[in-house]
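Q: Predicted coordinates and the sequence they were generated for:
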Amino acid sequence: MDHFNLRDGVLHCEDVSLPTIAAAVGTPVYVYSTATMQRHARVFREALAGVDNPLIAFAVKANPNAAVLATLAAEGLGADVVSIGEYRRARAAGIPADRIVFSGVGKTADEMAYALQDGLFQFNLESVAEAEMMSEVASRLGVEAPVAFRVNPDVEAGTHAKISTGAAHNKFGVPIDEARAAYARVRALPNMRIQGVAVHIGSQLTDLAPLEAAFAKVGTLIGLLREDGHVITHADLGGGLGVPYDRDMPEPPSPEAYGAMVARITAGWDVRLVFEPGRLIVANAGVLLSEVIRVKPGVADPFVIVDAAMNDLMRPSLYDAFHAIEPVRPRGEEMVANVVGPVCESGDTFATARRMGAVEAGDLVVFRTSGAYGATMASTYNSRPLTPEVLVTGNDYAVVRERQDIEALIHADRLPPWLGGQDV
Ligand code: LLP
């Protein structure tokens, strides 16, 4: 459920009409609903009622805006981060270090040192070579590194190839068959404190079976590691639960069904569970609000050219992802259209032959379910400034990221001396 609803024929975010935001901030603009994020955080926590004291670490990559992170911090969420940038943004938004998990295949020594000194909750190691580097860094700093290995359970997640991570051919984690040897190696390294096992098999999962298969393998591994003499107190089950993008498709499994499966599979593990949901918390809490620039005839269907483009919302061009596109003031008629942006690539296509509410030049539309992996994946391709972000609560709203200034875009470049000096 989200808080984007029609009132008197106009789409609102909570109690604020979207035309109000478009008039004040301009388009394109991302609009987020506080109530929706809070609701999703609470629903996920309630779904885990059968689990003792879980740590819910929001996957910051899904939406790293400070206002979003602060909203989720106030709900008691921690953070799953994959770079020093994400780490620092989480901390700046008020997320305590002891609720931060640091994932990612390419952590550098500097990133390790920063988070270690700050007292993070756990590093999820992805290789023995990484463990060796971490041991050196921790020894140099005179601290202990709290670690888990992310294991690769060799499970096909059944999602888009670009967001599947748990198959043997993916770059992520230590092959589960080699995990015992990896843990043995870490035990021999100085300044390392093994505390858990981690797994994450992919994103936008629409079936619980691969998750269950992966978790079952983790459960078996925990038993073997304990036989080997390791003290395993934590298991990080990652994120990945899908959200509904297309109302004509079957609903993904509910958080309740996920929570029940987790409680059943992990019964008797005797660990604290960690979760890393991203999309589930924020996807439906955001829309990308855009204006129709013009409608141009096409061979079959017309092209609806909007002022948002692939640089603002990459998911359709990158993953052929579906986002519902709806007029902000529905006219009560439908059309079939190709919805495209102004960028000079045919891949700048949001929808092809889409049946949708009829729109004309000057109308506002929303791309739904854009709160996750939307603004954060934006670029300035075609020298389009980064899109602003607005957070709504009740009948109030605030710009939580300004539209990037074109002057700033120009002056970020430098001319070398042979082209006339420093300033552009
Ligand atoms: N934990 C780890 C280690 C991850 O790699 C990810 C996502 C998550 C948690 C959060 O997964 P979620 O609950 O959001 O599914 N840009 C793509 C999604 C990439 C996901 C990468 N990892 C998209 O727009 O669909």
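A: Structure's in. What do you need?

Q: The closest residue to residue 401 other than its chain neighbours: what's it in contact with?
A: Sequence neighbours aside, residue 389 is the residue nearest to residue 401 in space, at 4.1 Å (criterion: CB to CB, 6 or more residues apart in numbering). Backbone N, C-alpha and C define where each C-beta goes, glycine included. By CB atoms under 8 Å, 6 or more residues apart in numbering, residue 389 lies in contact with 29, 30, 31, 32, 65, 67, 375, 399, 400, 401.

Q: In space, what's closest to the residue of the stretch 51-200 of the chain found nearest the ligand - neighbours in sequence excluded?
A: Nearest residue of the stretch 51-200 of the chain to the ligand (CB to the nearest ligand atom) works out as residue 59 at 3.4 Å. Nearest-residue entry for residue 59: residue 278, 3.0 Å, with adjacent residues in sequence omitted and distances by CB to CB, 6+ apart.

Q: What of residue 3?
A: residue 33 is the one closest to residue 3 (CB to CB, 6+ apart), at 4.4 Å.

Q: Flag the shaky bits of the chain, pLDDT-wise.
A: Applying pLDDT under 70 to the chain picks out residues 422-424.

Q: Which parts of the chain belong to which domain?
A: Following automatic domain parsing, one finds the domains of the chain at 4-31+283-411, 104-275.

Q: Pull the distance from the longest strand along the chain to the chain's centre.
A: Using DSSP state E to define each element, the chain has its longest strand at strand 286-296. Its chain's average C-alpha position is 23 Å from that of strand 286-296, according to CA atoms, centre = their mean, to the nearest Å.

Q: go on, stretch 272-279?
A: Per CA atoms, centre = their mean, the centroid offset for stretch 272-279 relative to its chain is 12 Å.

Q: For that stretch, measure first residue to last.
A: 23 Å (CA to CA, to the nearest Å).

Q: now stretch 369-388
A: End-to-end span of stretch 369-388 (CA to CA): 17 Å.

Q: Likewise for stretch 73-87?
A: Span of stretch 73-87 from end to end, CA to CA: 14 Å.

Q: can you list the contacts of residue 389 in TSV and add secondary structure, distance to the ligand and neighbour count?
A: Formatted as TSV, the contacts of residue 389 follow (DSSP: H, G, I helix; E, B strand; the rest coil; distance: CB to the nearest ligand atom, whole Å; neighbours: other CB atoms under 10 Å):
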residue	secondary structure	distance to the ligand	neighbour count
29	strand	19	26
30	strand	14	28
31	strand	18	27
32	strand	16	27
65	coil	15	22
67	helix	19	20
375	helix	12	24
399	strand	24	15
400	strand	20	17
401	strand	19	18
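
Q: how about those residues, which pair is most distant?
A: For the contacts of residue 389, the farthest-apart pair by CB to CB is 29 and 67; their separation is 13.9 Å.

Q: Am I right that the residue of the stretch 51-200 of the chain closest to the ligand is in contact with residue 239?
A: Yes: contact criterion CB atoms under 8 Å: residue 59 and residue 239 qualify, at 5.1 Å.

Q: Now for the two: what residues contact both?
A: With CB under 8 Å, 6+ apart as the test, residue 59 and residue 239 both reach 80, 276, 277, 278, 279.

Q: Could I get the contacting residues of the residue nearest to residue 59?
A: 58, 59, 60, 61, 62, 63, 80, 203, 239, 372, 373.

Q: Can I get the buried part of the residues you listed as one PyMOL selection?
A: A single PyMOL command suffices to select whichever of those are buried according to 16 or more other CB atoms under 10 Å:
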select buried, resi 58+59+60+61+62+63+80+203+239+372+373
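
Q: closest to residue 187 among the contacts of residue 278?
A: Of the contacts of residue 278, the one sitting nearest to residue 187 (CB to CB) turns out to be residue 80, at 25.1 Å.

Q: Buried residues, whichever strand or helix holds the closest one. List them.
A: Using DSSP states H and E, residue 80 sits in strand 78-81. Across strand 78-81, burial judged by 16+ other CB under 10 Å covers 78, 79, 80, 81.

Q: And for stretch 3-23?
A: By 16+ other CB under 10 Å, the buried positions in stretch 3-23 come out as 3, 4, 11, 12, 13, 14, 16, 17, 18, 21, 22.

Q: just the shared contacts of residue 59 and residue 239 that are near the ligand?
A: Contacts with the ligand are made by 80, 276, 277, 278, 279 out of the shared contacts of residue 59 and residue 239, judged by CB under 6 Å from any ligand atom.

Q: wait, which of these is closest to the ligand?
A: Taking these together and measuring to the ligand by CB to the nearest ligand atom, the closest member is residue 278, at 2.7 Å.

Q: how near is that closest one to residue 21?
A: Distance, residue 278 to residue 21, by CB to CB, to the nearest Å: 24 Å.

Q: Up against the ligand, what does this structure have?
A: So the chain meets the ligand at 59, 62, 80, 103, 163, 200, 203-204, 238-240, 276-280, 315, 319, 373 (CB under 6 Å from any ligand atom).

Q: Counting only strands, which of those make the cut?
A: Per DSSP E, the subset of the residues of the chain next to the ligand in strands is 59, 80.

Q: how much space is there between the residue of the stretch 101-250 of the chain found nearest the ligand and residue 404?
A: Nearest residue of the stretch 101-250 of the chain to the ligand: residue 239, at 2.6 Å (CB to the nearest ligand atom). In this view, residue 239 and residue 404 are 29 Å apart by CB to CB.

Q: Residue 281 now?
A: From residue 281 across to residue 404, the span is 26 Å (CB to CB).

Q: how about the strands in the stretch 151-300 of the chain?
A: Along the stretch 151-300 of the chain, counting by DSSP state E, counting those that start in this stretch, strands occupy 174-175, 192-198, 234-236, 272-275, 286-296.
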